[in-house]
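Participant: with the sequence up front, the predicted model follows.
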Amino acid sequence: MDPASIWGSRWLNSNQPIAKKYMETVCKKQSLVVLAADKNTMEELNKLVDDVGDYISALKTHVDLIDDWTKESWGKFISKAKEKDLLIFEDRKHGDIGKIARDQMGGIYDSKSWADLITAHLISGPSILDGMQEAWDSANKDGGVLLLAQMSSEGNLLELPGYTDSVVKIGKKHPICFGFIGNGSNHEEIIQLRRLVGEEKMIWTPGVNLNSDDAELGQRYGDPEKAILSGSDAIIIGSGIHKSSNPSEMALKYAKISWDALIKRSVNSD
(Lines give C-alpha, C1' and ligand atoms only; values in the text may rest on other atoms or scores of the structure.)
Protein backbone atom coordinates (compact mmCIF):
# COMPACT_ATOMS: atom_id res chain seq x y z
CA MET A 1 0.00 0.00 0.00
CA ASP A 2 1.18 3.51 -0.86
CA PRO A 3 2.70 5.19 2.22
CA ALA A 4 1.21 8.56 1.29
CA SER A 5 -2.31 7.13 1.49
CA ILE A 6 -1.67 5.79 4.99
CA TRP A 7 0.61 8.38 6.56
CA GLY A 8 -0.70 11.40 4.65
CA SER A 9 1.10 14.68 5.30
CA ARG A 10 3.54 12.97 7.66
CA TRP A 11 4.92 11.04 4.69
CA LEU A 12 4.80 13.96 2.29
CA ASN A 13 6.47 16.41 4.68
CA SER A 14 9.12 14.12 6.15
CA ASN A 15 12.72 14.84 5.20
CA GLN A 16 14.27 12.25 7.51
CA PRO A 17 15.40 9.14 5.58
CA ILE A 18 15.02 6.73 8.50
CA ALA A 19 11.46 7.94 9.19
CA LYS A 20 10.52 7.37 5.57
CA LYS A 21 12.14 3.94 5.69
CA TYR A 22 10.02 3.02 8.70
CA MET A 23 6.79 4.30 7.15
CA GLU A 24 7.53 2.34 3.96
CA THR A 25 8.29 -0.82 5.93
CA VAL A 26 5.04 -0.56 7.89
CA CYS A 27 3.05 -0.34 4.67
CA LYS A 28 4.96 -3.15 3.00
CA LYS A 29 4.56 -5.54 5.95
CA GLN A 30 1.23 -4.18 7.20
CA SER A 31 2.58 -4.20 10.73
CA LEU A 32 3.52 -1.63 13.36
CA VAL A 33 5.04 -4.30 15.57
CA VAL A 34 8.54 -3.89 16.99
CA LEU A 35 9.78 -7.12 18.53
CA ALA A 36 11.64 -6.71 21.81
CA ALA A 37 14.18 -9.48 21.25
CA ASP A 38 15.46 -9.65 24.83
CA LYS A 39 17.30 -12.94 24.47
CA ASN A 40 20.67 -14.06 25.80
CA THR A 41 22.05 -16.23 23.00
CA MET A 42 22.56 -15.83 19.28
CA GLU A 43 20.67 -19.06 18.66
CA GLU A 44 17.57 -17.68 20.39
CA LEU A 45 17.81 -14.39 18.49
CA ASN A 46 18.19 -16.09 15.12
CA LYS A 47 15.23 -18.36 15.82
CA LEU A 48 13.07 -15.37 16.72
CA VAL A 49 13.88 -13.64 13.44
CA ASP A 50 13.18 -16.85 11.53
CA ASP A 51 9.85 -17.32 13.31
CA VAL A 52 8.39 -13.82 13.29
CA GLY A 53 10.49 -11.66 10.94
CA ASP A 54 7.77 -11.59 8.29
CA TYR A 55 5.25 -10.04 10.69
CA ILE A 56 7.25 -7.25 12.32
CA SER A 57 8.73 -3.99 11.07
CA ALA A 58 11.63 -3.55 13.47
CA LEU A 59 13.72 -5.53 15.90
CA LYS A 60 14.63 -4.08 19.30
CA THR A 61 17.95 -5.41 20.54
CA HIS A 62 20.09 -5.25 23.66
CA VAL A 63 23.45 -6.22 22.21
CA ASP A 64 25.10 -6.32 25.64
CA LEU A 65 22.66 -9.00 26.85
CA ILE A 66 24.16 -11.61 24.53
CA ASP A 67 26.28 -14.15 26.40
CA ASP A 68 27.92 -15.65 23.29
CA TRP A 69 28.26 -12.45 21.22
CA THR A 70 30.99 -12.25 18.60
CA LYS A 71 31.46 -9.68 15.87
CA GLU A 72 31.07 -12.38 13.22
CA SER A 73 27.89 -13.92 14.64
CA TRP A 74 26.35 -10.49 15.15
CA GLY A 75 27.16 -9.48 11.59
CA LYS A 76 25.38 -12.58 10.26
CA PHE A 77 22.41 -11.86 12.51
CA ILE A 78 22.14 -8.28 11.25
CA SER A 79 22.31 -9.53 7.66
CA LYS A 80 19.48 -11.98 8.35
CA ALA A 81 17.37 -9.21 9.89
CA LYS A 82 17.98 -6.98 6.87
CA GLU A 83 16.92 -9.81 4.55
CA LYS A 84 13.62 -9.74 6.44
CA ASP A 85 13.45 -5.97 5.80
CA LEU A 86 13.68 -5.08 9.49
CA LEU A 87 14.92 -1.87 11.03
CA ILE A 88 17.41 -2.54 13.82
CA PHE A 89 16.61 -0.66 17.00
CA GLU A 90 19.27 -0.85 19.72
CA ASP A 91 17.70 -0.03 23.08
CA ARG A 92 20.93 1.34 24.55
CA LYS A 93 19.40 4.26 26.47
CA HIS A 94 22.49 6.46 26.20
CA GLY A 95 22.51 9.13 28.90
CA ASP A 96 25.96 10.71 29.01
CA ILE A 97 27.29 13.88 27.39
CA GLY A 98 27.62 14.02 23.63
CA LYS A 99 31.30 13.07 23.36
CA ILE A 100 30.85 9.94 25.48
CA ALA A 101 27.66 8.87 23.70
CA ARG A 102 29.42 9.34 20.36
CA ASP A 103 32.34 7.18 21.43
CA GLN A 104 30.07 4.55 23.00
CA MET A 105 28.47 4.06 19.58
CA GLY A 106 31.89 2.81 18.48
CA GLY A 107 33.80 0.48 20.75
CA ILE A 108 33.54 -3.28 20.60
CA TYR A 109 29.85 -3.32 19.62
CA ASP A 110 30.15 -0.46 17.07
CA SER A 111 26.41 0.24 17.06
CA LYS A 112 26.84 3.21 14.73
CA SER A 113 27.60 0.77 11.91
CA TRP A 114 24.46 -1.40 12.19
CA ALA A 115 21.77 0.30 14.34
CA ASP A 116 19.13 2.27 12.47
CA LEU A 117 17.66 3.61 15.71
CA ILE A 118 19.03 3.98 19.24
CA THR A 119 17.34 5.14 22.44
CA ALA A 120 18.68 7.90 24.66
CA HIS A 121 17.79 9.82 27.81
CA LEU A 122 18.09 13.60 27.64
CA ILE A 123 19.12 13.95 31.29
CA SER A 124 22.61 15.19 30.32
CA GLY A 125 21.28 17.82 27.91
CA PRO A 126 21.01 18.23 24.11
CA SER A 127 24.70 17.56 23.41
CA ILE A 128 23.91 13.86 23.46
CA LEU A 129 21.95 14.31 20.23
CA ASP A 130 24.86 16.13 18.59
CA GLY A 131 27.25 13.38 19.65
CA MET A 132 25.05 10.58 18.34
CA GLN A 133 24.61 12.38 15.04
CA GLU A 134 28.40 12.69 14.75
CA ALA A 135 28.73 8.94 15.30
CA TRP A 136 26.35 8.04 12.49
CA ASP A 137 27.86 10.69 10.22
CA SER A 138 31.30 9.14 10.76
CA ALA A 139 29.89 5.77 9.67
CA ASN A 140 28.17 7.38 6.66
CA LYS A 141 24.87 5.92 7.87
CA ASP A 142 21.38 7.33 8.29
CA GLY A 143 20.13 6.85 11.83
CA GLY A 144 17.70 8.25 14.34
CA VAL A 145 17.39 8.72 18.09
CA LEU A 146 14.33 7.77 20.08
CA LEU A 147 14.27 9.96 23.18
CA LEU A 148 12.62 8.61 26.30
CA ALA A 149 9.79 11.03 26.99
CA GLN A 150 7.74 8.58 29.06
CA MET A 151 8.24 5.10 30.47
CA SER A 152 5.75 2.32 31.17
CA SER A 153 7.46 1.00 34.32
CA GLU A 154 5.91 1.73 37.69
CA GLY A 155 7.42 4.61 39.69
CA ASN A 156 9.71 5.92 36.94
CA LEU A 157 11.08 9.43 37.44
CA LEU A 158 10.19 10.61 33.94
CA GLU A 159 6.75 11.22 35.45
CA LEU A 160 8.13 14.17 37.42
CA PRO A 161 6.44 17.45 36.39
CA GLY A 162 8.02 19.18 33.41
CA TYR A 163 10.39 16.40 32.34
CA THR A 164 8.39 15.11 29.37
CA ASP A 165 7.67 18.64 28.14
CA SER A 166 11.37 19.53 28.20
CA VAL A 167 12.40 16.37 26.33
CA VAL A 168 9.83 16.96 23.61
CA LYS A 169 10.71 20.64 23.24
CA ILE A 170 14.38 19.85 22.65
CA GLY A 171 13.82 16.72 20.55
CA LYS A 172 11.39 18.37 18.14
CA LYS A 173 14.12 20.82 17.08
CA HIS A 174 16.90 18.31 16.42
CA PRO A 175 17.18 16.59 13.01
CA ILE A 176 18.62 13.35 14.44
CA CYS A 177 15.60 12.88 16.72
CA PHE A 178 13.42 10.25 15.05
CA GLY A 179 10.83 10.47 17.79
CA PHE A 180 9.94 9.62 21.35
CA ILE A 181 9.31 6.62 23.56
CA GLY A 182 5.87 6.88 25.16
CA ASN A 183 3.95 4.96 27.79
CA GLY A 184 2.00 2.24 26.02
CA SER A 185 0.36 1.13 29.25
CA ASN A 186 -1.70 4.33 29.45
CA HIS A 187 -3.48 5.54 26.32
CA GLU A 188 -4.33 8.88 27.95
CA GLU A 189 -0.62 9.58 28.35
CA ILE A 190 -0.07 8.71 24.68
CA ILE A 191 -2.77 11.20 23.70
CA GLN A 192 -1.10 13.87 25.82
CA LEU A 193 2.31 13.07 24.34
CA ARG A 194 0.96 13.28 20.78
CA ARG A 195 -0.44 16.73 21.52
CA LEU A 196 3.00 17.83 22.69
CA VAL A 197 4.89 16.18 19.85
CA GLY A 198 2.64 17.15 16.95
CA GLU A 199 2.73 15.11 13.76
CA GLU A 200 6.32 15.34 12.55
CA LYS A 201 8.06 12.97 14.99
CA MET A 202 7.30 9.34 15.75
CA ILE A 203 6.00 7.91 19.02
CA TRP A 204 6.92 4.31 19.82
CA THR A 205 5.39 2.60 22.82
CA PRO A 206 6.51 -0.30 24.98
CA GLY A 207 4.20 -1.53 27.74
CA VAL A 208 1.73 -3.11 25.31
CA ASN A 209 0.43 -6.66 25.67
CA LEU A 210 -2.84 -8.49 25.10
CA ASN A 211 -2.17 -10.40 28.32
CA SER A 212 -1.55 -8.19 31.33
CA ASP A 213 -0.62 -11.27 33.40
CA ASP A 214 2.79 -11.26 31.65
CA ALA A 215 3.83 -8.15 33.62
CA GLU A 216 6.67 -8.56 36.11
CA LEU A 217 9.10 -6.44 38.13
CA GLY A 218 7.25 -3.14 37.80
CA GLN A 219 5.96 -3.60 34.25
CA ARG A 220 2.54 -2.25 33.29
CA TYR A 221 0.68 -3.17 30.11
CA GLY A 222 -1.92 -1.51 27.90
CA ASP A 223 -4.02 -2.49 24.90
CA PRO A 224 -2.29 -2.46 21.47
CA GLU A 225 -5.24 -1.09 19.50
CA LYS A 226 -5.80 1.73 21.98
CA ALA A 227 -2.12 2.62 21.81
CA ILE A 228 -2.20 3.08 18.02
CA LEU A 229 -5.53 4.92 18.02
CA SER A 230 -4.19 7.25 20.71
CA GLY A 231 -1.20 8.27 18.59
CA SER A 232 1.47 5.58 18.86
CA ASP A 233 3.31 4.75 15.63
CA ALA A 234 4.76 1.44 16.83
CA ILE A 235 3.93 -1.08 19.53
CA ILE A 236 6.96 -2.70 21.13
CA ILE A 237 6.09 -6.28 22.06
CA GLY A 238 8.33 -8.71 23.93
CA SER A 239 6.90 -11.48 26.07
CA GLY A 240 3.53 -11.16 24.36
CA ILE A 241 5.18 -12.75 21.32
CA HIS A 242 8.25 -14.73 22.34
CA LYS A 243 6.64 -16.32 25.42
CA SER A 244 3.72 -17.52 23.32
CA SER A 245 3.42 -21.21 22.44
CA ASN A 246 3.24 -20.08 18.80
CA PRO A 247 5.29 -16.87 18.35
CA SER A 248 4.66 -16.53 14.60
CA GLU A 249 0.90 -16.81 15.06
CA MET A 250 0.95 -14.28 17.88
CA ALA A 251 3.17 -11.87 15.92
CA LEU A 252 0.70 -12.03 13.03
CA LYS A 253 -2.15 -11.30 15.45
CA TYR A 254 -0.41 -8.22 16.83
CA ALA A 255 0.47 -7.12 13.28
CA LYS A 256 -3.16 -7.29 12.18
CA ILE A 257 -4.37 -5.41 15.27
CA SER A 258 -1.79 -2.67 14.75
CA TRP A 259 -2.36 -2.32 11.01
CA ASP A 260 -6.16 -2.25 11.31
CA ALA A 261 -5.84 0.42 14.01
CA LEU A 262 -3.56 2.53 11.79
CA ILE A 263 -6.05 2.29 8.92
CA LYS A 264 -8.86 3.35 11.26
CA ARG A 265 -6.75 6.23 12.54
CA SER A 266 -5.85 7.42 9.04
CA VAL A 267 -9.51 7.32 7.96
CA ASN A 268 -10.62 9.26 11.03
CA SER A 269 -7.97 11.93 10.44
CA ASP A 270 -9.12 12.63 6.87
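Facilitator: Structure's in. What do you need? Residues are numbered from 1 along each chain as shown.

Participant: where along this protein do the strands fall?
Facilitator: 33-36, 58-61, 87-94, 117-120, 144-148, 177-181, 202-205, 234-237 (DSSP state E).

Participant: now the longest one and strand 144-148, what's the angle there?
Facilitator: In this structure, strand 87-94 runs at an angle of 50 degrees to strand 144-148, with axes from the mean of the first three to the mean of the last three C-alpha atoms, to 10 degrees as the basis.

Participant: who does strand 87-94 touch, helix- and strand-wise?
Facilitator: For strand 87-94, the packing partners by 3 or more C-beta pairs under 8 Å, 6 or more residues apart in numbering; DSSP states H and E come out as helix 17-29, strand 58-61, helix 71-83, helix 98-104, strand 117-120. In this view, the C-beta of every residue, glycine as well, is placed from N, C-alpha and C.

Participant: can you lay out these as a markdown table showing mean neighbour count and mean pLDDT?
Facilitator: Formatted as a markdown table, those follow (neighbours: other C-beta atoms under 10 Å; pLDDT from 0 to 100):
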| stretch | mean neighbour count | mean pLDDT |
| --- | --- | --- |
| helix 17-29 | 19 | 98 |
| strand 58-61 | 25 | 98 |
| helix 71-83 | 14 | 98 |
| helix 98-104 | 18 | 98 |
| strand 117-120 | 24 | 99 |
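
Participant: now distance to residue 157 too, for those, in TSV please.
Facilitator: Below are the helices and strands packed on strand 87-94 laid out as TSV (distance: least, C-beta to C-beta, whole Å):
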stretch	distance to residue 157
helix 17-29	28
strand 58-61	22
helix 71-83	32
helix 98-104	20
strand 117-120	16
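
Participant: let's check: the centremost residue of this protein is which one?
Facilitator: Taking C-alpha atoms, centre = their mean as the criterion, residue 204 is the residue nearest the geometric centre of the chain, at 5.3 Å.

Participant: for that one, name its beta-bridge partners.
Facilitator: residue 181, residue 234 (DSSP bridges).

Participant: so it sits against residue 182, correct?
Facilitator: Yes: between residue 204 and residue 182 there is a contact under C-beta atoms under 8 Å: 7.1 Å.

Participant: list residues touching both of these two?
Facilitator: residue 232 (C-beta atoms under 8 Å, 6 or more residues apart in numbering).

Participant: once you drop chain neighbours, what's closest to residue 117?
Facilitator: residue 89 (4.3 Å; C-beta to C-beta, 6 or more residues apart in numbering).

Participant: show me the contacts for the one you found.
Facilitator: By C-beta under 8 Å, 6+ apart, the contact list for residue 89 reads 34, 58, 59, 60, 61, 115, 116, 117, 118, 119, 146.

Participant: other SSEs contacting the helix or strand of the chain at the bottom of the mean pLDDT ranking?
Facilitator: Here the helix or strand of the chain ranked lowest by mean pLDDT, DSSP states H and E is helix 239-242, holding a mean of 90. When contacts are defined as 3+ C-beta pairs under 8 Å, 6+ apart, helix 239-242 sits against strand 33-36, helix 42-52, helix 247-269.

Participant: can you check which of these gets nearest to residue 70?
Facilitator: Across the helices and strands packed on helix 239-242, residue 70 has its closest neighbour in helix 42-52 (8.1 Å, C-beta to C-beta).

Participant: for the closest one, which residues meet the burial criterion?
Facilitator: Within helix 42-52, the residues scored as buried using 16 or more other C-beta atoms under 10 Å are 42, 45, 46, 48, 49, 51, 52.

Participant: residues of stretch 259-270 that come out buried?
Facilitator: Across stretch 259-270, burial judged by 16+ other C-beta under 10 Å covers 259, 261, 262, 265.

Participant: residue 247 contacts residue 51, doesn't it?
Facilitator: Yes: Residue 247 is within contact range of residue 51, at 4.9 Å (criterion: C-beta under 8 Å).

Participant: just to revisit the earlier point, export the helices and strands packed on helix 239-242 as a markdown table, with columns for mean pLDDT and distance to residue 196.
Facilitator: Formatted as a markdown table, these follow (pLDDT from 0 to 100; distance: least, C-beta to C-beta, whole Å):
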| stretch | mean pLDDT | distance to residue 196 |
| --- | --- | --- |
| strand 33-36 | 97 | 21 |
| helix 42-52 | 96 | 32 |
| helix 247-269 | 94 | 18 |
